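Pasting the sequence and the predicted model now:
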Amino acid sequence: MSEFLITDHSVTNKLKPSQRLTNLDFSQIKNRADLEAALQRKGRDYGKAMFNVEYERQLEQLQVELVKWQRWVAETKQRVAVIFEGRDAAGKGGSIKRFVEHMNPRSLRVVALNKPTDLELGQWYFRRYIKELPNAGEIVFFDRSWYNRAVVEPVMGFCTEDHYQQFMRQVPEFEHMLFEDGVHVIKLWFSITKEEQSRRFDDRRSNPLKHWKLSPVDEKGQEMWERYTYYKEQMFARTHTTFCPWTIIKTNTKKVARLESIRHVLSKFEYQGKENANTTVLPDPNVVMRFHRSIYKLI
């Protein structure tokens, strides 16, 4: 083959021969600077490619830090629960995947509970979540959590008003008990615009590998957007506390949200080796913010 095409045929067939990278071009590329120079010579728009290259570089370095953090959690017997909440298609699952990709599965769990059974419906609401809390030296990532009762359940009519109000009274006390017992609870809200959610729903409909992600509840997300917004804001106002605050992650750009959510979690701990990180472990305040900073500009 005389040429190596760096994108798919549908794209490269539209390029002029002078814009295509050849085997000779690739043989001369030794680093990122060489790649940028080659693309520039060819008159190619390489902004997206460079963004993806930089994303992969930063993700790898942050995942190294996650491994170091996990080792420290295990050695010091910490208990960590990271809660991922947000509207449907906000990127919670994709971010969790990047968190755990290279971590030791023996000392972490990802918890994504199904709807409660008939037996669980007759129990105290928090009971089925209590048994999923981290053991000593363990990290648990909650892909949705007890906060289902704060937003999804009242919006969709899955709980009564009395059940909702009882939950809203009890959850700060529940989380304060966890705090006093030494459990680190980190609450993340993945924030997405209505337009971006609609685009991602369309992508799920058209991609057979993503059909499973689209449920009837998801489909109503757009229709009931304002109702979701009302309950989301009630949740922030009533459950954002000094000992267990909400942190909001802007997620319209998935890859940025993944990196910054990892940075936020790492920034909460002084683990061994943190000072030797090859990338910043401080989150971008334009992407990651505590609830009180964003009360008038939530999306």
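Sure thing, it's come through.

Dump the C-alpha coordinates for the helix or strand that contains residue 188 into PDB.
Assigned by DSSP states H and E, residue 188 belongs to strand 183-191. This file holds the C-alpha atoms of strand 183-191, laid out as PDB (Å, rounded to 0.1, in the frame of the first residue of the first chain):
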ATOM      1  CA  VAL A 183     -16.700   7.100  55.300                       C
ATOM      2  CA  HIS A 184     -15.600   9.500  52.500                       C
ATOM      3  CA  VAL A 185     -18.700  10.300  50.500                       C
ATOM      4  CA  ILE A 186     -18.100  12.300  47.300                       C
ATOM      5  CA  LYS A 187     -21.200  13.400  45.500                       C
ATOM      6  CA  LEU A 188     -20.900  14.300  41.800                       C
ATOM      7  CA  TRP A 189     -23.700  15.700  39.600                       C
ATOM      8  CA  PHE A 190     -23.000  15.400  35.900                       C
ATOM      9  CA  SER A 191     -24.700  18.400  34.300                       C
END
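
Which residue ranges of the stretch 151-299 of the chain form helices?
In the stretch 151-299 of the chain, the segments counted as helices under DSSP state H, counting those that start in this stretch are 152-156, 161-180, 194-206, 216-223, 225-239, 254-267.

would you turn these into TSV with mean neighbour count and mean pLDDT?
C-beta: built from backbone N, CA, C; applies to glycine. Shown next, in TSV, are these (neighbours: other Cβ atoms under 10 Å; pLDDT from 0 to 100):
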stretch	mean neighbour count	mean pLDDT
helix 152-156	19	95
helix 161-180	14	98
helix 194-206	15	91
helix 216-223	14	81
helix 225-239	16	96
helix 254-267	22	98
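
Turn those helices into JSON lines, including distance to residue 124.
Formatted as JSON lines, these follow (distance: least, Cβ to Cβ, whole Å):
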{"stretch": "helix 152-156", "distance to residue 124": "15"}
{"stretch": "helix 161-180", "distance to residue 124": "9"}
{"stretch": "helix 194-206", "distance to residue 124": "33"}
{"stretch": "helix 216-223", "distance to residue 124": "24"}
{"stretch": "helix 225-239", "distance to residue 124": "18"}
{"stretch": "helix 254-267", "distance to residue 124": "29"}
